[in-house]
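Q: Got a predicted model here, sequence first, then my questions.
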Amino acid sequence: MGKGFEINKQGVSKMAREIEREFAKHPIRVPVETDTSGTGLQPAATVNNYHGPVVTVTGDNAQIAWGNETANQTQNCVQGIAPGYEELAELVTDLLANLRTFNLSEGDVVDVRNSGETVLAEVVKEEPDDGIIKRGVTMLKGLLAPVAAGVGEGVSAESAEAARTLIDTLGTSLPF
């Protein structure tokens, strides 16, 4: 695959650090109103945050990590898979969990992850769109094809065989 646009990760990190420093120079003051009836507590008149921006998130399953070197976030969100799509969902989940096995380029890893997540998002719907699933599976097979053929940097015999097996299994796991 040809080289396309690539994000300058060092530049983005530098910009994020500079923005964080700028926010640290200007503390944010937020007036807070609370309902303390029945608690016996007195509310604070003003909250001063001297450590950076404040982000308020509402909604289900929202997670944010900003400016830290590592973040471990987990969610216990269980979704049922539409009948007939169980094998496909298991294959795609295993593929995403073992992407390092295939020694794909960074761009191909992003494409595999996006296609896999699209397929997984579709198979949990009550009535999955077969067209979306078929396009996603075709994309996954196409991205794994060079590995299966043994071409590419660092492709081992084991990863080539794993890719061939996965491509075959993806094709037979479609319930339509």
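A: It's in.
Q: list the helices and strands the strand or helix carrying Glu90 packs on?
A: Element membership for Glu90 (DSSP states H and E) is helix 86-97. Where contact means 3 or more Cβ pairs under 8 Å, 6 or more residues apart in numbering; DSSP states H and E, helix 86-97 is packed against helix 106-123, helix 130-148, helix 157-172. The way it works is simple: take the backbone N, C-alpha and C, and place the C-beta from them, glycine included.
Q: how far out from the middle of the chain is the shortest one?
A: Spelled out, it's helix 157-172. Between the centre of helix 157-172 and the centre of its chain there are 23 Å (Cα atoms, centre = their mean, to the nearest Å).
Q: and it, average pLDDT?
A: With pLDDT averaged residue by residue, helix 157-172 scores 92.
Q: helices and strands around it, which ones?
A: Judged by 3+ Cβ pairs under 8 Å, 6+ apart, the packing partners of helix 157-172 are helix 86-97, helix 130-148.
Q: how about the first one as CSV, C-alpha atoms only?
A: The one in question is helix 86-97. The C-alpha atoms that make up helix 86-97 are tabulated as CSV, following Å, rounded to 0.1, in the frame of the first residue of the first chain:
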residue,chain,number,x,y,z
GLU,A,86,-21.4,-15.4,17.0
GLU,A,87,-18.6,-17.1,15.2
LEU,A,88,-17.8,-13.9,13.2
ALA,A,89,-17.8,-11.8,16.3
GLU,A,90,-15.4,-14.2,18.0
LEU,A,91,-13.1,-14.2,15.0
VAL,A,92,-13.0,-10.4,14.7
THR,A,93,-12.5,-10.0,18.5
ASP,A,94,-9.6,-12.5,18.4
LEU,A,95,-8.1,-10.7,15.3
LEU,A,96,-8.2,-7.3,17.1
ALA,A,97,-6.7,-8.8,20.2
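Q: quick one, domains of the chain?
A: Domains of the chain are assigned by automatic domain parsing as 8-76, 86-172.
Q: so how far is the longest one from its chain's centroid?
A: Looking back up the chat, that one is domain 86-172. Using Cα atoms, centre = their mean, we find the averaged C-alpha position of domain 86-172 to lie 15 Å away from the chain's own average C-alpha position.
Q: begin at 91 from here
A: I'll keep to 91 as the first residue from here, and by that count the last item is domain 176-262.
Q: Rounded mean pLDDT for the helix or strand containing Val120, please.
A: Take DSSP H and E as the rule and Val120 turns out to sit in strand 118-121. Averaging pLDDT along strand 118-121 yields 73.
Q: Check stretch 173-186 too.
A: 93.
Q: Low-confidence bits of the chain, can you list those?
A: For the chain, applying pLDDT under 70 flags the ranges 91-93, 117, 122-126, 128-151, 156-158, 165, 167.
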